[in-house]
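> Output the structure for:
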Amino acid sequence: MSKQMTLSNSQDTTFKKPSQLKELLRRLRKSKGAMVGLTILIFILLIVIFADLIAPYDLAVTQDAYNKLQPPSAQHLLGTDSYGRDVLARLVHGARNSLFIALLASCTSCIFGSLLGAIAGYFGGKVDMIIMRCLDIFMSIPDLLFTMVVVAALGSSVPVLIIAMTLAYFTNYVRLVRSGVLNLCEQEYVEAARAGGSSALRIILSHIIPNTLGIILVNMTLNVSSLVIYQSTLSFIGLSLPSPTPEWGSMLSGARNDMMRAPFLVISPALAIVLTAFSVNLLGDGLRDALDPRLKN
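This next block holds a predicted model:
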């Protein structure tokens with residue numbers, strides 16, 4: 001699971017005023033770690049966008065029996081795997097699949113968990129009790145076991161993976177947002193909105209969620225790195241997209257038997273996973289410090 005964070009002084013994380021957004025960007029630019037992470041992420045995203053120009057997709061899936069386990073060369077910059085497929089092509093096109101699934105699962109888990117948390121905190125009582133008891137049940141099931149059951153029941157595809165990863169990671173947001181909403185419901189502007197006849201949905205979307213947005217964004221950013229590793233783990237054990245679809249985890253899995261005589265098969269996908277997770281964590285830490293400088297130390 002991703003890092004849990006406490007929500008303090010949530011009004012400071014609201015982005016209603018342009019001056020607040022400018023101040024946030026100014027603090028973010030002063031964070032060397034965040035800038036390093038952002039630079040690496042931009043580089044990775046450029047590779048994803050221009051993957052077809054870097055290496056054609058056919059090289060990533062077409063087998064070549066005459067060029068198995070070729071070392072890095074001018075023709076194959078990162079060598080070839082045990083099926084003769086170009087490692088560079090599989091790496092850059094695998095980035096598309098791995099990052100797309102991780103980013104989408106992070107967004108869906110954030111939206112789903114935040115809404116549930118806001119509903120539980122705002123209404124309280126039986127609604128809160130039912131949601132939190134259901135959450136306890138979800139949290140009692142190991143993530144990997146739950147994902148295995150979902151994939152086994154529904155099959156391996158992008159939508160199924162996103163659903164399974166969303167259900168595995170939404171719980172953090174429920175507890176995080178709920179704790180913030182319990183404090184925000186006592187604020188005068190929420191009471192004023194209620195007195196003015198605003199509906200519960202309008203109050204949640206217009207007043208509650210915006211005041212927890214900053215801490216939600218930080219946790220969503222940190223969740224991306226966890227989901228990149230988690231999705232790579234799923235593909236490593238064969239629970240992700242079917243072969244020969246390129247993924248970083250499946251590249252590591254396919255290189256297990258040849259890693260001693262062809263270590264380059266392991267180095268490139270492993271380095272891609274580590275760099276992506278590291279850069280996202282750096283950006284998330286910088287964003288956290290920018291939103292609340294008191295957390296820096």
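> Enumerate every residue touching the nearest residue to Leu69 once chain neighbours are set aside.
Spatial nearest neighbour of Leu69, excluding adjacent residues (Cβ to Cβ, 6 or more residues apart in numbering): Ala262 at 4.9 Å. (C-beta placed from N, C-alpha, C; glycine too.) Applying Cβ atoms under 8 Å, 6 or more residues apart in numbering, we find Ala262 in contact with 69, 71, 79, 81-82, 255.
> quick one: Ala262 is in a helix?
No - assigned with DSSP: H, G, I helix; E, B strand; the rest coil, Ala262 falls outside any helix and is coil.
> Not counting whichever strand or helix holds Leu41 itself, show me its contacts.
For Leu41, the element it lies in under DSSP states H and E is helix 32-49. When contacts are defined by Cβ under 8 Å, 6+ apart, helix 32-49 is touched by residues 28-29, 54, 92, 95-96, 99, 272, 275-276, 278-287, 289-290.
> how does it look with 7 Å?
Residues from elsewhere that reach helix 32-49, judged by Cβ atoms under 7 Å, 6 or more residues apart in numbering: 28-29, 54, 92, 95-96, 99, 275-276, 279-280, 282-283, 285-287.
> Tell me where the stretch 51-200 of the chain has helices.
Ranges of helices in the stretch 51-200 of the chain, per DSSP state H, counting those that start in this stretch, are 51-54, 58-61, 87-123, 125-140, 143-154, 158-169, 171-184, 188-195, 200-203.
> Show me what the very next helix or strand once past the last one is packed against.
What that stands for is helix 200-203. Sequence order places helix 209-236 as the next helix or strand after helix 200-203, per DSSP H and E. On a contact count with 3 or more Cβ pairs under 7 Å, 6 or more residues apart in numbering; DSSP states H and E, helix 209-236 meets helix 87-123, helix 158-169, helix 171-184, helix 248-254, helix 264-291.
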